[in-house]
Each structure stands twice: as structure tokens, then as C-alpha cells.
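Chemist: build me a structure from this.
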Amino acid sequence: MITLTDRQKMILKAIVRDYTSSGVPVGSKALATQLPLHVSSATVRNEMAALEELGLITKTHSSSGRIPSVKGYRYYVDHLVQPDPIKANDIDLIKSSLDGQFVKIDEIIETSAKILSNLTSYTAFTLKPELKESRLSGFRLVPLGKRQVMAVLVTDNGDVESQTFNIAPNISGDQLEAVVRLINDQLVGQPLNSVLQALQTEIPLQVGQYLQRPDGFLKIFGDVLTKAAQERFYVGGRLNLLNFSDSSDVDELKSLYTLMDRTDDMASVLGQPSDHIQVKIGSEITNDILKDYSLITATYEVGDHGKGVIALLGPTRMPYSRMIGLVGAFRQELAQRLIDYYRYFDQ
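Modeler: Numbering: from 1, shown residues only. Now for the predicted structure:
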């Protein structure tokens, strides 16, 4: 456990704020002029030497100034950071951007990733509220003409999934209607995981009573069902990674972009955020590809409709006070927007 004096805390805080703002190593003379108490630059140098010995700041090769180490950022985030008050124009921008006409929850979640990315200039992730017992509300087939049909699946939390497919010439409309009735009679009201299980067991036999070759239809139904059941996240500002990546290794950058497309891997990176805003720095993030980055995560709660996650991925040299303040305000506005959506949907 590191114990710092009040003056050392003040100096470390000033170094972090200065460096994250300017990107320039901080020298003792500059610090001495901006500290709220009168101290000589020699005193500041002594305190900086003590902080360096503790591993909280480090000297760069190109300058006599100091920059925070990962350990220093960790101490700052754990003990010294104070979230910046959110600016009124930021709140207005968030509200106006979320005030569009959205048909699906996923559209709100996807838009929110773009808004958070634009606000911060970092890469943002948003994960839709996870309703543990999301249930099948209905399934139907919509004829589109020329033997094309759209399969539409609705869940009780307002999600709608659809997929278009072609039906074989030997399948009649009456046969398809019979299959749709069977699915709705047998499966409506059941959790999606139970429906998926039924699709592997008793449903194929029952569908086989109406269709000679049920495999094609069952695959379509299974695909739509899987899309509705899976955990989905959205990414905003992928290209922002290039703005603060120190790597010129093309393979490393490719790995980074591939990671963002893998739901399971990203779910592991985001982890299980608590109700508090969490900050992971460098090697604290589970994936080695992200060792030079910081990740801020937070949950947002939408009543009975579950909890979702928002996250920011940026450099370790990020202005933590402003980012933590923005994430805190953003999750409140997003939660309220979704509560309003569900209230309308549940009427």
C-alpha cells in the first residue's frame, strides 16, 4: 500500500492532469508555478524524485520532465481523480442525438456508440440490456412475392429479428401457415434458450408432419432465433484507434480490429462491470493486444428490462476526469431514453 503526503498527492495529480492534457513531459519549474501552495522548484524536484522512486512517475529519454507510469495512473484513478462536471452543451448533444425515431432497441444502442465516440474521440462500445429471461412473443412469415418469404421473430422485450429466404416450389402457403401455427402454439412465452433447445429436439419431428424436407425452414428459424438470443455489442469510432496507437505494426493493428468483431472476445475484455464506473489500465485488461490502452466501463440499468454496458477504449494518456464524467452522464441519459422507449412499447 503506497502512502503519499498531501503535497505528493497534489504533485502527482498535477503531473497526470498536465500530461494527459498536453502530452508533454512535466518539469519541476512548470509545476512549481501552478501548484496552489508556494514551494520552490527544488522542493518540487525532491518530491518528484520520491514519486519516481515509488514507481508512480518516470523520466523520458528525450526530456528532463516526468510522465505518469501505469502505476501512477492507477493510483491517480483510485485515490485522486474527481470526475469533471458535465458541460451543458454535452448533455444537450447527447439528448438531441438520442431523440430520433427509433424502431428497434438495437438502433438506439448502435447510435449511442457513435455518439459516445464522437463526444470523446475514442472508440466506444455499447452492449444492449441483457434480459436474462427474454421470451418468444411471436413468429410469422410474410410473403414478399416470387416465392420469397420474410421470417419475422418478436421477443417480449421489443426486439424484432427478420430474415428473407426462398421457399421451394413444392411447399404451399397452407403448409407454411400450419408450421407457423405450430411454433406459436408450442413455443410462444418460452425463454429463447428453451426455444433453441426445442429446435434441437422435438420441433423438427413436429415440423416434419407438414414439410417433407423441414431442414431448410428449421435452419432459417434457427438463424433468426439465434440472432435474437445472442448478446450484441456495437462499436463506434473504430478508426479513432489509429489516432493514438503507437504501433506501426500492421499485423498488430489487424489483430486489434479483428478483436472488435468477435463478440465472445470483446465480452471477455469488457468483463462483468459493476454498478460503479471501472477503469482498467494496460495489463489489467485481459487481452495482451490492449496492453497500451485504458478501458472505462459502466453499466446502465433499464428497470425490469435488464442492464447494459457502455465502454470507452483509449490511450493510457487519456483525461480520466473528463472521460469518467462523460461516461457517468451518458449512461444516465441512455438509460432514461431506453426507459422511455420501453414505456411506450409496453403500453
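Chemist: put the alpha carbons of stretch 293-310 into CSV.
Modeler: C-alpha atoms of stretch 293-310 as CSV (Å, rounded to 0.1, in the frame of the first residue of the first chain):
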residue,chain,number,x,y,z
TYR,A,293,-4.7,1.2,-23.7
SER,A,294,-7.1,2.1,-21.0
LEU,A,295,-10.7,0.9,-20.8
ILE,A,296,-13.5,2.7,-18.9
THR,A,297,-16.7,0.6,-18.4
ALA,A,298,-20.0,1.3,-16.8
THR,A,299,-23.4,-0.4,-16.6
TYR,A,300,-26.7,1.3,-17.2
GLU,A,301,-30.0,0.0,-15.8
VAL,A,302,-33.3,-0.1,-17.5
GLY,A,303,-35.6,-1.4,-14.8
ASP,A,304,-37.1,-4.8,-15.4
HIS,A,305,-35.5,-4.9,-18.9
GLY,A,306,-32.1,-5.6,-17.5
LYS,A,307,-28.7,-3.9,-17.5
GLY,A,308,-26.5,-2.9,-20.4
VAL,A,309,-22.8,-1.8,-20.7
ILE,A,310,-21.0,1.2,-22.2
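Chemist: for the remainder of this discussion, apply numbering that starts at 15.
Modeler: Shifting the count to begin at 15 puts that one at stretch 307-324.
Chemist: so which bits of it are buried?
Modeler: 307-316, 319-324 (16 or more other Cβ atoms under 10 Å). For every residue, glycine as well, the C-beta is placed using N, CA and C.
Chemist: please apply the same query to stretch 344-352.
Modeler: 344-349, 351-352.
Chemist: residue 73 is in contact with residue 82, correct?
Modeler: No: taking contacts as Cβ atoms under 8 Å, residue 82 lies outside contact range of residue 73: 11.7 Å.
Chemist: among these two, which residue is more densely surrounded?
Modeler: residue 82 (24 against 13; other Cβ atoms under 10 Å).
Chemist: okay, buried residues for the helix or strand encompassing residue 195 please.
Modeler: If you go by DSSP states H and E, residue 195 is part of helix 187-201. Going by neighbour count (16+ other Cβ under 10 Å), the buried part of helix 187-201 is 189-190, 193-194, 196-197, 201.
Chemist: equivalent analysis for stretch 236-246, please.
Modeler: Buried positions in stretch 236-246, judged by neighbour count with 16+ other Cβ under 10 Å: 238-239, 242-243.
Chemist: hmm, back to that, out of the buried residues of helix 187-201, which one sits closest to residue 92?
Modeler: residue 201 (48.9 Å; Cβ to Cβ).
Chemist: in contact with that closest one, which residues?
Modeler: Listed by Cβ atoms under 8 Å, 6 or more residues apart in numbering, the contact set of residue 201 reads 150, 153, 209, 212, 217.
Chemist: how about 7 Å then?
Modeler: Counting by Cβ atoms under 7 Å, 6 or more residues apart in numbering, residue 201 makes contact with 150, 209, 212.
Chemist: any idea where the strands of the stretch 165-314 of the chain begin and end?
Modeler: All strands of the stretch 165-314 of the chain, identified by DSSP state E, counting those that start in this stretch, fall at 174-180, 247-250, 292-295, 307-315.
Chemist: need the residues that contact the first one.
Modeler: Strand 174-180 is contacted from outside by 118, 158, 161-168, 234, 237-238, 241-242, using Cβ under 7 Å, 6+ apart.
Chemist: could you save the buried residues of stretch 344-352 as a markdown table and add columns showing pLDDT, distance to residue 136 and secondary structure?
Modeler: Shown next, in a markdown table, are those (pLDDT from 0 to 100; distance: Cβ to Cβ, whole Å; DSSP: H, G, I helix; E, B strand; the rest coil):
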| residue | pLDDT | distance to residue 136 | secondary structure |
| --- | --- | --- | --- |
| 344 | 95 | 12 | helix |
| 345 | 94 | 16 | helix |
| 346 | 94 | 19 | helix |
| 347 | 94 | 18 | helix |
| 348 | 94 | 17 | helix |
| 349 | 93 | 21 | helix |
| 351 | 92 | 21 | helix |
| 352 | 90 | 22 | helix |
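Chemist: out of those residues, which two sit at the greatest distance?
Modeler: 344 and 352 (12.5 Å).
Chemist: give the intersection of the neighbour lists for those two.
Modeler: In contact with both residue 344 and residue 352: no residue, using Cβ under 7 Å, 6+ apart.
Chemist: got the angle between the helix or strand residue 121 falls within and strand 174-180?
Modeler: Per DSSP H and E, residue 121 falls inside helix 119-134. With axes from the mean of the first three to the mean of the last three Cα atoms, to 10 degrees defining the directions, helix 119-134 sits at 110 degrees from strand 174-180.
Chemist: any idea of the mean pLDDT in helix 119-134?
Modeler: Regarding helix 119-134, the rounded mean pLDDT is 92.
Chemist: what about the helix or strand that it is followed by, distance to the chain center?
Modeler: Using DSSP H and E, the helix or strand that follows helix 119-134 in sequence is strand 137-144. Averaging C-alpha positions (Cα atoms, centre = their mean, to the nearest Å) puts strand 137-144 3 Å from its chain's average.
Chemist: can you check stretch 110-118 too?
Modeler: Worked out by Cα atoms, centre = their mean, stretch 110-118 lies 18 Å from the chain centre.
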